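Enquirer: Sharing a model prediction with you, sequence too.
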Amino acid sequence: DGGITQSPKYLFRKEGQNVTLSCEQNLNHDAMYWYRQDPGQGLRLIYYSQIVNDFQKGDIAEGYSVSREKKESFPLTVTSAQKNPTAFYLCASSGTFGGYGYTFGSGTRLTVV
Amino acid sequence: EDQVTQSPEALRLQEGESSSLNCSYTVSGLRGLFWYRQDPGKGPEFLFTLYSAGEEKEKERLKATLTKKESFLHITAPKPEDSATYLCAVQAGGATNKLIFGTGTLLAVQP
């Protein structure tokens, strides 16, 4: 079945550590996105990529980095520069024109310990 | 600035009690308005896309409508399994496919 796989489901990070969240899709979608979800704030866009080897900052990119070396994969690294990383992270993908909206993964919950 | 506002923040219904959720938006050149359902700890699940004022779409007990300024998600005779957070998002005109999300309405349907 086609879909988006995010891993791990739960992730714990120590202060000062970088961690990488995985996102893989087999929908043959060109565009991929990373969102952060906090209670009461809705989904906020971190980074997005419309094509391989190209990506753009979203609204809250500081402290995060991404790569898009393959069409299927769009990993997100939460760096030590991100001061408040505890959140629910969602990866999504869409076709070229996005007319059918996004397909979302099941999310990764990151907690700083 | 493109913006999406959903109301109410939370809604509690008795099973069978119909109601509506509201999504008001300001956007430069609406390309599409999207409704999603999100269960706790899971990713949003696509429900509907609406493209132009006057358009309506239905799926089981849910019906989505669109005007030039807002969208409604009508829930007819809800059941406890309809309990979830309902998210609205808009896609503005331009070269990207970015969606702008509202903060959602948390719906609880009591048996």
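Expert: In hand now; what should we look at?

Enquirer: Tell me the spacing between the residue of chain B found nearest chain A and B:Leu73.
Expert: Residue nearest to chain A within chain B (C-beta to the nearest C-beta): B:Asn97, separated by 3.1 Å. Every residue, glycine included, has its C-beta placed from N, CA and C. Going from B:Asn97 to B:Leu73 by C-beta to C-beta, to the nearest Å gives 22 Å.

Enquirer: Name the SS class of A:Gly101, please.
Expert: Assigned with DSSP: H, G, I helix; E, B strand; the rest coil, A:Gly101 falls in the coil class.

Enquirer: Let me see the contact set for A:Gln25.
Expert: A:Gly2, A:Gly3, A:Ile4, A:Thr5, A:Met32, A:Glu72, A:Ser73, A:Phe74, A:Ser93, A:Thr103, A:Gly105 (C-beta atoms under 8 Å, 6 or more residues apart in numbering or on different chains).

Enquirer: Let's see that with 7 Å instead.
Expert: A:Ile4, A:Met32, A:Glu72, A:Ser93 (C-beta atoms under 7 Å, 6 or more residues apart in numbering or on different chains).

Enquirer: A:Asn53 too?
Expert: Here A:Asn53 is in contact with A:Arg68 (C-beta under 7 Å, 6+ apart).

Enquirer: Next, give phi and psi for it.
Expert: In terms of degrees, to the nearest 10, the main-chain angles of A:Asn53 are phi 70, psi 20.

Enquirer: cool, the one 3 residues further on as well?
Expert: The phi and psi values for A:Gln56, taken as degrees, to the nearest 10, are phi -130, psi 150.

Enquirer: Could you verify my assumption that it touches A:Leu45?
Expert: No - counting by C-beta atoms under 7 Å, A:Leu45 is not a contact partner of A:Gln56; they are 9.6 Å apart.

Enquirer: More neighbours: which of those two?
Expert: Using other C-beta atoms under 10 Å in any protein chain shown as the criterion, A:Gln56 and A:Leu45 rank with A:Leu45 on top: 20 against 13.

Enquirer: Quick check: the more buried one touching A:Asp59?
Expert: Yes - using C-beta under 7 Å, A:Leu45 is in contact with A:Asp59, at 5.1 Å.

Enquirer: Any part of the helix or strand hosting A:Ser49 near chain B?
Expert: For A:Ser49, the element it lies in under DSSP states H and E is strand A:42-51. Yes - using C-beta under 7 Å from any C-beta of the partner chain, strand A:42-51 reaches chain B at A:Gly42, A:Leu43, A:Leu45, A:Tyr48, A:Gln50.

Enquirer: least trustworthy position among the residues you listed, going by pLDDT?
Expert: Of all the residues of strand A:42-51 next to chain B, A:Gly42 has the smallest pLDDT value, namely 85.
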